[in-house]
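Novice: could you work out the structure for the sequence below:
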Amino acid sequence: MLLVVLALFACKKEVPEPKPEDTTPPAICHEGTRWSEGQTLFAEATDAWGLTAIQATGVRLTAVDFDGDGYTDLAVRKGAGADDIAAGTRDTWLLRNTGLGTFEDVTEASGIFVGRDGNPLRGRPGVTWAWADVDNDGDLDVYTGLNDAENTLEEYSEIRLNNGDGTFSLAPATAISLTKDEPYGASFTDVNRDGNVDLWITQYNAKQDHLYLGDGAGGFEDVTGTAGLTTKAWRSVADINNAEAHTYAWAALACDLNNDLFPELLSPSYGRAPNHLWRNNGDGTFQNRSVASNYAYDHRTDWTDNESARCWCTLHPDDEDCEGVPAPRIVCEEDADAFRWDHTYDREPFRLGGNSGETMCGDLNNDGWMDLVTTEIVHWDVGSSSDPSEALFNTQDPDIVFERPGNDVTGLVREHTETAWNDGDITGSLFDIDNDGWLDIYIGDSDYAGSRGRLWHQTSPEQFVAVPVDQGIDHWRSHGSAAVDFDRDGDLDLVVGHSSARCDEECYDTFTIRLFENLTDSAATNYLQLELVGAEGTNRAAVGARVEVKTAEATQTRYVDGGHGQWGNQEDLIQHVGLGGACEAEVTITWPDAAGTVEKYTLGGGYRYRVVQGEGWTVVE
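Specialist: Now for the predicted structure:
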């Protein structure tokens, strides 16, 4: 049953700054620097961290501190979950960060993938993961989503509850049990701000996405229909164009996009199906803003530079809209099945969109409103109508509208040296690579010849420049990423996966995930980190909390993520904020409770702070 949140709860409640027992530590103050071309940002540290020996191959990466020791751990998945530890077959790894610069494999010991039959060695399928404190007991639990199309065992999508001792058990209420389920994305969130995390699950293959309300004990109730999130089968072109039909979701996202404290729900869609954006009305229901927000697809609708369309019109010059279409640059086949064009449907808006991998949420331009970055697969022959990976900037409209200035404007461009090329962008990360106070962008380009990880540095608001490979991330066929301060030295490192699809000479001999250590000089930059702990009425992990960090240079905004991306990419719940040249900051935390409680602090740079709602902060040594 939906909990209706009254309008009065939308008002923010300000709480005086609690006074910690100890005094504010002196800021660790440095001049502050920014990356400039010629400076090497990252160095590979895969072997040093023991990942080569573990050989944890995978493209589905989540990075959270599952054991609560202050060091971020890794969950790595490769495929359908065909684990058989006894036989040496592995698709799933839970890797504990020892705090000593290494990872250890605790998959078997944790019991995280023990099946319903209790066998600790057989494993179970479960490729889509998301983490949050489901039962509010102070540790992180995990949703493990299972693709039923690949499931030959008596297993289901489940909640695994953290026992607090490094082990996991099935939730007693069996939590989520779905049949014929194909979850490609999962996001924990608190849509009604009742203090219990809810779960947004998006599905591939034109199936209904689902919203589940959590009861705070590991149980969930499907409220998709009563929340107004029901979509339609693919029968009507009008329904598809209006983003009223099912998605072909490759990811999920929950993020507050209009600053009303209620999170919106997003479903990035592959297969040139419109992306979905659902505005949270704050009363337990949602409004479809997919097309009106400019998120469903972009404004580029000129299909006449599509090589297959040009072939069609060359062979069928009298067909509708074919007059004046230029000649193709490819050899046309008489067989209509030989090229990718359906003249009846491929001129429709939904077919002139993109193949979205995932959507990332972050305040790129530091204006206090969350922007989006989409990743897209693009082929050279489709032409300009296919949406590329790009930044969408929030116009601050309460009804939610985004602008797409285009990569030629923002600088998120890439050079293609060949006529025939493919961009296989699927996953990515938003993070401040040099602690200058501005988010930068990493996009994993995978699965095609010449595809590699690409890093852009934000040089001024909404302006990006590509970081040369030899100074940034040198990684072919990059699929899966997480930006985290693994070594606790005050800058963000990057772990990346490697796709094995369409392999040729560019694929690596092994598919071990790679860790790139950030080389930013910790003796020159300023930062602070925040670990948030919710009180009663707020989910314990503070998923959905809004953090504003104000200095004389800029005001940055962060949003605590409950999982996003393809198959559940997720980065640390610890909020890392570069301070540029500032040594301290005014920090405002808006907690995701019914009252929207606000707490304010003045904190010095150079520390990680643990902030407990209503109790103040302590320094994490």
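
Novice: residue with max distance from the center of the chain?
Specialist: Residue farthest from the centre of the chain, counting by C-alpha atoms, centre = their mean, is Asp318 at 45.9 Å.

Novice: return the distance of it relative to Val325.
Specialist: The gap separating Asp318 from Val325 is 12 Å, by C-beta to C-beta, to the nearest Å. Any C-beta I mention is one placed from the backbone N, CA and C, and that applies to glycine too.

Novice: is the residue farthest from the centre of the chain located within a strand, as I assumed?
Specialist: No. Read with DSSP: H, G, I helix; E, B strand; the rest coil, Asp318 is coil and lies in no strand.

Novice: any idea of the pLDDT on it?
Specialist: Looking at Asp318, its pLDDT stands at 96.

Novice: phi and psi next, for it.
Specialist: Phi and psi for Asp318, reported as degrees, to the nearest 10, are phi -90, psi 0.

Novice: what does Leu161 give?
Specialist: Backbone torsions of Leu161, given as degrees, to the nearest 10, read phi -90, psi 130.

Novice: and Val382, by the same measure?
Specialist: Dihedral pair for Val382: phi -80, psi -30, per degrees, to the nearest 10.

Novice: leaving out chain neighbours, which residue sits closest to it?
Specialist: Asn306 (5.5 Å; C-beta to C-beta, 6 or more residues apart in numbering).

Novice: so the one you found touches Trp380, yeah?
Specialist: No. Counting by C-beta atoms under 8 Å, Asn306 stays clear of Trp380, with 10.4 Å between them.

Novice: where along the stretch 101-250 of the chain do the helices fall?
Specialist: 107-110, 237-241 (DSSP state H, counting those that start in this stretch).

Novice: next, format those as CSV and append mean pLDDT and distance to Ile28.
Specialist: Shown next, in CSV, are these (pLDDT from 0 to 100; distance: least, C-beta to C-beta, whole Å):
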stretch, mean pLDDT, distance to Ile28
helix 107-110, 92, 36
helix 237-241, 97, 55
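
Novice: ok, which of those helices comes nearest Ser290?
Specialist: For Ser290, the closest of the helices of the stretch 101-250 of the chain is helix 237-241, at 10.4 Å, according to C-beta to C-beta.

Novice: quick one, longest helix in the chain?
Specialist: helix 307-315 (DSSP state H).

Novice: pull the residues that contact that helix.
Specialist: With contact meaning C-beta atoms under 8 Å, 6 or more residues apart in numbering, helix 307-315 is reached by 303-304, 319, 322, 325-330, 332-334, 336, 339-341, 343, 346, 381-383.

Novice: circling back: separation between the residue nearest to Val382 and Asp408?
Specialist: 20 Å.

Novice: those two: who's more crowded?
Specialist: Asn306 (26 against 8; other C-beta atoms under 10 Å).

Novice: what is the subsequent helix or strand relative to the helix or strand of the chain with the lowest mean pLDDT?
Specialist: Of the helices and strands making up the chain, the lowest-confidence element is strand 14-15, at a mean of 50, by mean pLDDT, DSSP states H and E. Next helix or strand after strand 14-15 toward the C-terminus (DSSP states H and E): strand 42-44.
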